[in-house]
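Asks: Sequence first, then the predicted structure, then my questions.
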Amino acid sequence: MRIDIVSLFPEFIAQCAGVGVVGRAQERGLLSTHGWNPRDYAAGGYRRVDDRPFGGGPGMVMMIEPLQACLSAARAADEAPAPVIYLSPQGRPLTQAKVRELAALPRLILLCGRYEGVDERLLAAEVDEEISIGDYVLSGGELAAAVVIDAVARLQEGALNDAESAVQDSFEGDGLLDCPHYTHPASHALGEVPAVLRSGDHAAIARWRRQQALGRTWLRRPDLLDEAALSKADRALLEEFRQQWRH
Ligand SMILES: c1cc(-c2cnc[nH]2)ccn1
């Protein structure tokens, strides 16, 4: 099995993949891992990979272009087809059933975000699946990628010296999924930044972000909604989202 990892810190993954079960699986030729750094595909002297979020707010968002070029290079490195998996809290929870499904593939491409996240247009165009390793926020996707690599390596024939069964951990889920994020450029072949985020109307922006978070949670993780203590305003926003979604 081949795993390509797109990350601003490929050395992190190389360290994790070089020891223990994963290191042994690589030595035995059961698995190979390959790191790709989007900064190597960023234009200009500063090799910029992130920019400020439209609509304001803290942190930075990873830009489309370096990631798109880096993913193209990773894909071209081997003829085997591979799903692109983005590690994020907005993803579907990783379960052992999913690990078994991934472990049976010839190849995976894992995309690790940093900062506030990745421009939503890149995700929409390039990502086949989002996976979360739990309902908490990490500093980036690398630790989650290391978890996926470890879990699928253990299922490679001959990786484990003895018959150990992998245990599926449950997690306490609460809160809502994040809203989509966008950064420069405002216009791109992959689409436009939603106008509200460029309006400068902070109340409208906050409303839109809350509604998107509620709507995404309803669509992707309704189980979390059952747990969340929604205000009257939240319920009205969500109902509006549901109406729009159904039309
Ligand atoms: C996968 C990724 C993440 C994450 C990526 N960047 C910040 N947190 C959290 C949980 N599962």
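Replies: On my side now, so go ahead. Numbers count the residues shown, from 1 in each chain.
Asks: Which stretches in the protein count as helices?
Replies: Secondary structure of the chain by DSSP state H: the helices cover 10-17, 20-27, 64-76, 96-103, 120-126, 142-153, 202-220, 222-227, 232-246.
Asks: which stretch among those comes nearest the ligand?
Replies: Of all the helices of the chain, helix 142-153 sits nearest to the ligand, with 3.4 Å by CB to the nearest ligand atom. For the C-beta atoms, the positions are set from N, CA and C on the backbone; glycine is no exception.
Asks: one step back: would you mind putting the helices of the chain into TSV with distance to the ligand, mean neighbour count and mean pLDDT alongside?
Replies: Below are the helices of the chain laid out as TSV (distance: least, CB to the nearest ligand atom, whole Å; neighbours: other CB atoms under 10 Å; pLDDT from 0 to 100):
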stretch	distance to the ligand	mean neighbour count	mean pLDDT
helix 10-17	13	18	92
helix 20-27	18	18	94
helix 64-76	14	18	98
helix 96-103	13	16	91
helix 120-126	12	19	98
helix 142-153	3	22	96
helix 202-220	13	17	95
helix 222-227	14	12	83
helix 232-246	23	13	96
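Asks: And the ones you listed: which comes nearest Leu87?
Replies: Across these, Leu87 has its closest neighbour in helix 142-153 (3.8 Å, CB to CB).
Asks: Now do the closest one: which elements does it pack against?
Replies: Secondary-structure packing of helix 142-153 (3 or more CB pairs under 8 Å, 6 or more residues apart in numbering; DSSP states H and E): strand 2-6, helix 10-17, helix 20-27, strand 84-93, helix 96-103, strand 107-112, strand 129-132.
Asks: Leaving out sequence neighbours, find the closest residue to Ala80.
Replies: Closest residue to Ala80 apart from its sequence neighbours, by CB to CB, 6 or more residues apart in numbering: Arg107 at 4.2 Å.
Asks: Neighbours of the residue nearest to Leu108 when sequence neighbours are not counted, how many?
Replies: Among residues not flanking Leu108 along the chain, Ile3 sits closest, at 4.9 Å (CB to CB, 6+ apart). Using other CB atoms under 10 Å, Ile3 has 25 neighbouring residues.
Asks: swap in Asp50?
Replies: Around Asp50 there are 22 other residues, counting by other CB under 10 Å.
Asks: just to revisit the earlier point, can you put the helices of the chain in TSV and add distance to Gly56?
Replies: Output for those, formatted as TSV (distance: least, CB to CB, whole Å):
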stretch	distance to Gly56
helix 10-17	30
helix 20-27	41
helix 64-76	20
helix 96-103	36
helix 120-126	16
helix 142-153	27
helix 202-220	7
helix 222-227	26
helix 232-246	20
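Asks: Just confirm the residue nearest to Ala80 contacts Asp78, I think it does.
Replies: Yes - contact criterion CB atoms under 8 Å: Arg107 and Asp78 qualify, at 6.5 Å.
Asks: Now the common contact residues for these two.
Replies: Contact criterion CB atoms under 8 Å, 6 or more residues apart in numbering; residues shared by Arg107 and Asp78: 2, 4.
Asks: The ligand versus Tyr115, what's the distance?
Replies: 9 Å (CB to the nearest ligand atom, to the nearest Å).
Asks: again, but for Pro38
Replies: For Pro38, the distance to the ligand - CB to the nearest ligand atom - is 15 Å.
Asks: again, but for Val137
Replies: Applying CB to the nearest ligand atom, the value for Val137 to the ligand is 5 Å.
Asks: again, but for Ala189
Replies: Note on Ala189: its distance to the ligand, by CB to the nearest ligand atom, is 26 Å.
Asks: Any idea how many residues pack against Asp128?
Replies: 11.
Asks: pretty sure it contacts Gly91?
Replies: No - using CB under 8 Å, Asp128 is not in contact with Gly91, being 11.4 Å away.
Asks: picking that back up, close enough to count as contact, the residue nearest to Leu108 and Ala146?
Replies: No - look at Ile3 against Ala146 with CB under 8 Å: they stay out of range, at 10.7 Å.
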